[in-house]
Every structure is written in structure tokens, then in C-alpha cells.
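K.L.:
sequence first, then the predicted structure, then my questions.
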Amino acid sequence: MTTSAIFTYHSLDESGSVISVCPDIFRRQMEALAASSVKVVPLAEILDHPSAIAITFDDAFGNLADHAVPVLASLSLPATIFAVSGYCGKRNQWPTQPAGIPDMPLLSWAALRDLPKEIALGAHTVTHPHLTALSEADMRREVLDSREEIEQRTGRPVTTFAYPYGTSDARTTALVRQHFAIGCGTRLNFTFVDADRAQLPRLDTFYLKSVRWFEQPLSLKTRAYLGLRRRLRELRGNQ
């Protein structure tokens with residue numbers, strides 16, 4: 001079966017945290033990806049292009065303006081940034097933030113509005129909650145109000161969604177399936193042509209620090225390595 005993949009980044013910084021990738025490593029990863037034979041496509045098109053890659057960033061950290069946007073532009077690589085609408089221009093201090101995550105500024109509305117057209121915006125809820133813990137009304141508000149505010153404040157269409165922490169259930173996926181072209185989770189896996197558009201797995205680049213994985217990102221060796229990582233995560237109860 002044909003395999004594609006969605007890469008996930010969060011922050012590009014030197015802290016060494018579980019959500020961070022060093023800016024220089026990111027640059028070299030993108031250079032390797034651009035030099036490979038694999039096509040990089042917008043996230044919204046990932047299921048329409050066999051053996052392709054899409055690039056995503058969760059939370060819209062401010063450092064993306066300095067370390068991601070110029071690199072992507074220089075290499076003509078598309079990407080999607082998932083913004084937490086209630087925190088744009090603030091810091092990543094939402095109530096569910098785990099301990100050990102660095103406190104950093106997020107992109108402002110003006111910065112999101114001025115991103116190159118090759119970088120799409122996606123919704124990542126209003127306050128970054130665990131959606132499965134919310135009532136039906138609160139869950140709908142988090143998902144739909146996020147898209148509405150991003151569209152209104154930036155003038156950009158929002159057709160993709162990312163579940164905070166990857167948590168979802170039948171209610172959330174049904175809502176995302178109805179209102180978005182693509183929904184992204186956090187299960188560490190490749191994407192297949194018959195995948196559920198409302199619940200696509202992604203590859204967390206925490207496990208892909210070495211540039212060599214980006215030289216042949218869809219190879220059997222890469223798939224075997226990430227398959228092992230996935231099994232270990234699932235044994236620990238992390239999806």
C-alpha cells in the first residue's frame with residue numbers, strides 16, 4: 001500500500017525540550033528533504049499525492065518566524081501552522097500545559113496574517129484542552145470557534161485541524177469530519193491512501209533528529225525504525 005507521511009514540529013529552539021528542535025537541525029532536515037526524491041505537498045493535499053510528505057507545526061510558536069519561515073521559503077516547501085486562537089500573540093500558558101515545557105511567545109495575529117501564502121493555517125482549538133474531557137457544547141466551541149476566529153483575524157481559509165495532545169473520540173472526529181478537510185492526531189505512523197481524513201497519524205520529529213531520516217523519509221528502514229518507536233510508545237500507553 002502506498003505510504004505518505006505528515007511531519008510534526010512544535011518549537012524551534014535550543015532548550016532541548018520534548019517539543020523542541022534545534023533551528024540548525026531543522027534547517028539541515030529541510031535541506032535534505034528538498035534534495036530527496038520525495039514530493040512535499042500542502043497538508044490538505046496529502047491523501048491526493050501517493051508517496052508524499054506534508055510538514056506541520058503545532059501551537060504557532062513565535063520562533064517559527066525566524067527559524068522556519070525563511071528556511072521553508074528558500075526551499076519552496078509548503079507547510080501548515082496550527083494556531084491556538086485564544087493564545088495568539090500571548091504565551092503557551094494554557095491550563096493543560098504539562099510540566100517541563102518551556103514558556104515561550106506565540107505568533108501574533110499580524111504575524112499569522114503576513115505569513116507567505118505557501119504556509120497555510122490550521123485550527124488547534126481556542127484554549128488547547130483535552131477535547132475528550134469536555135461537554136458537547138464546550139467541545140464544539142473549542143473546535144469551531146477556533147477556525148472562525150483564525151479566518152476572521154487573518155483573512156485566510158482554515159480547512160485543517162489538529163487535536164491537542166492527539167486526544168479525540170467519536171464526537172470530536174465526527175465534528176472535524178463535517179467541518180474540515182483534514183484532521184490530524186498524534187499517533188506515530190505513516191499515512192495511507194485509505195486513511196480516515198478526520199484522524200490522520202503524524203510523525204513526531206522528536207524521534208527524527210538525525211538528518212539521515214530526511215534523506216529517504218519513506219524508506220523501509222525509516223518505516224521499520226518508526227514502527228519500533230510506535231510499538232514502544234503504545235506499550236507505555238502513549239498514542
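P.N.:
Okay, I see it. Computed from a predicted structure; not experimentally measured.

K.L.:
neighbouring contacts of the helix or strand hosting Arg231?
P.N.:
Assigned by DSSP states H and E, Arg231 belongs to helix 220-235. Applying CB atoms under 8 Å, 6 or more residues apart in numbering, the external contacts of helix 220-235 come out as 3, 187-190, 203, 207, 213, 216, 239. Bear in mind the C-beta positions are built from the backbone N, C-alpha and C, glycine included.

K.L.:
take those and keep only those in helices.
P.N.:
Among the contacts of helix 220-235, the ones falling in helices (DSSP state H) are Trp213.

K.L.:
shaky segments in this protein?
P.N.:
1-2, 237-239 (pLDDT under 70).

K.L.:
helix/strand/coil for the residue nearest the centre of it?
P.N.:
What sits nearest the mean C-alpha location of the chain, by CA atoms, centre = their mean, is Thr56, with 3.6 Å. With DSSP: H, G, I helix; E, B strand; the rest coil as the basis, the three-state label of Thr56 is strand.

K.L.:
my guess is it meets Asp204, correct?
P.N.:
No: counting by CB atoms under 8 Å, Thr56 does not reach Asp204; the two are 10.4 Å apart.

K.L.:
give me the common contacts of those two.
P.N.:
The contact lists of Thr56 and Asp204 share Thr8, where a contact means CB under 8 Å, 6+ apart.

K.L.:
and stretch 103-112, C-alpha only, in PDB?
P.N.:
Provided in PDB are the C-alpha atoms of stretch 103-112 (Å, rounded to 0.1, in the frame of the first residue of the first chain):
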ATOM      1  CA  ASP A 103       7.300  29.000  28.400                       C
ATOM      2  CA  MET A 104       7.600  30.900  25.100                       C
ATOM      3  CA  PRO A 105       5.800  33.500  23.000                       C
ATOM      4  CA  LEU A 106       3.400  32.600  20.200                       C
ATOM      5  CA  LEU A 107       2.900  34.200  16.800                       C
ATOM      6  CA  SER A 108       0.700  37.300  16.800                       C
ATOM      7  CA  TRP A 109      -2.300  37.800  14.600                       C
ATOM      8  CA  ALA A 110      -0.300  40.200  12.500                       C
ATOM      9  CA  ALA A 111       2.500  37.600  12.100                       C
ATOM     10  CA  LEU A 112       0.000  34.900  11.100                       C
END
